[in-house]
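Engineer: Just need the structure, nothing else, for what follows:
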Amino acid sequence: MEIRNQVVMVTGSTGNLGSAVVRAFSRAGARLALIDHSADRLAQTFPELKDEENVLFLPSIDVTNDEKVASAVAQAVDRFGRIDFLVNTVGGYLSEGLLHETSLKAWRHMFDLNATSVFVMCRQVIPYMIQQKSGRIISIAAGPGREGRAKMSAYAASKGAVIRLTETMAAELKEFGIRVNCFVPTIIDSPENRKDFPKADYSKWLKPEDFADAILNLVSDGGRAITAAAIPVTGSG
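Structural biologist: Below is the predicted model of the structure:
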């Protein structure tokens with residue numbers, strides 16, 4: 001599938017990874033439907049795109065809110081006629097210590113941010129992809145989602161849910177020409193992670209731009225045979 005003129009919907013578009021994904025798809029000539037929780041960060045992050053005919057800004061969207069997501073997806077389809085790729089980059093990390101020290105609030109926050117966001121977005125986009133009999137869905141898991149680690153109960157469980165959702169959707173949608181995969185990255189180079197790990201060797205961390213290129217490669221024709229995969233992305237570290 002050629003990327004030029006295809007329609008890609010990206011959640012968390014102004015985040016460290018999301019913005020790299022947006023710029024990579026923009027350079028490849030895709031049409032962009034950009035979702036962000038903030039009311040104004042899209043225009044601030046992408047001033048060069050705000051007046052582009054092939055770009056739709058969708059601000060103030062809570063991706064765990066079914067009605068708001070339904071509205072955003074409908075706007076994108078009304079504008080572009082279809083959605084070819086969905087890239088779920090929304091996610092985050094929170095730990096309050098051991099499992100018995102973890103609050104129910106923290107547990108629910110991790111599941112909403114990392115898993116419910118994927119469920120709601122896919123729930124709304126899939127019917128359009130089924131209708132057009134094609135599509136690619138990419139989500140972001142994490143290593144603890146494959147192998148649980150101490151003091152990461154909520155995070156690990158929520159990222160594990162992303163992997164199981166990916167496998168389930170792939171099994172359900174393969175007959176419609178829809179491929180569903182997720183990436184399992186190591187630590188991504190970001191200002192927040194550099195602040196948390198000031199003594200780390202940043203040269204070995206995964207660059208957001210390299211991660212974005214991996215996503216483009218997967219949704220291109222070269223990735224047409226891959227589905228239900230949880231793909232490690234490790235950079236040079």
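
Engineer: Please enumerate the helices of this structure.
Structural biologist: Along the chain, counting by DSSP state H, helices occupy 16-27, 41-45, 66-80, 104-111, 117-132, 153-173, 191-196, 208-219.

Engineer: Format these as TSV; extra columns: distance to Thr234 and mean neighbour count.
Structural biologist: C-beta here means a position set from N, CA and C on the backbone, and glycine is covered the same way. Shown next, in TSV, are the helices of the chain (distance: least, C-beta to C-beta, whole Å; neighbours: other C-beta atoms under 10 Å):
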stretch	distance to Thr234	mean neighbour count
helix 16-27	15	22
helix 41-45	27	17
helix 66-80	31	17
helix 104-111	23	16
helix 117-132	22	20
helix 153-173	16	20
helix 191-196	15	11
helix 208-219	10	20
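
Engineer: Using a markdown table, lay out those helices together with mean pLDDT and distance to Arg146.
Structural biologist: Converted to a markdown table, these look like this (pLDDT from 0 to 100; distance: least, C-beta to C-beta, whole Å):
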| stretch | mean pLDDT | distance to Arg146 |
| --- | --- | --- |
| helix 16-27 | 97 | 19 |
| helix 41-45 | 98 | 31 |
| helix 66-80 | 98 | 27 |
| helix 104-111 | 98 | 16 |
| helix 117-132 | 98 | 16 |
| helix 153-173 | 98 | 7 |
| helix 191-196 | 87 | 20 |
| helix 208-219 | 95 | 18 |
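
Engineer: Compare these and report which one is nearest to Glu96.
Structural biologist: When the helices of the chain are compared by C-beta to C-beta, helix 104-111 sits nearest Glu96, at 5.0 Å.

Engineer: Figure out how far that closest one is from the centre of its chain.
Structural biologist: 19 Å (C-alpha atoms, centre = their mean, to the nearest Å).

Engineer: same thing with stretch 86-94?
Structural biologist: Put simply, stretch 86-94 sits 5 Å off its chain's centre (C-alpha atoms, centre = their mean).

Engineer: buried set for it?
Structural biologist: Within stretch 86-94, the residues scored as buried using 16 or more other C-beta atoms under 10 Å are 86-91, 93-94.

Engineer: May I have the residues that are in contact with the nearest residue to Asn193 once chain neighbours are set aside?
Structural biologist: Spatial nearest neighbour of Asn193, chain neighbours left out: Ile187 (5.8 Å); criterion: C-beta to C-beta, 6 or more residues apart in numbering. Taking C-beta atoms under 8 Å, 6 or more residues apart in numbering as the criterion, Ile187 is in contact with 193, 197, 200, 205-206, 237.
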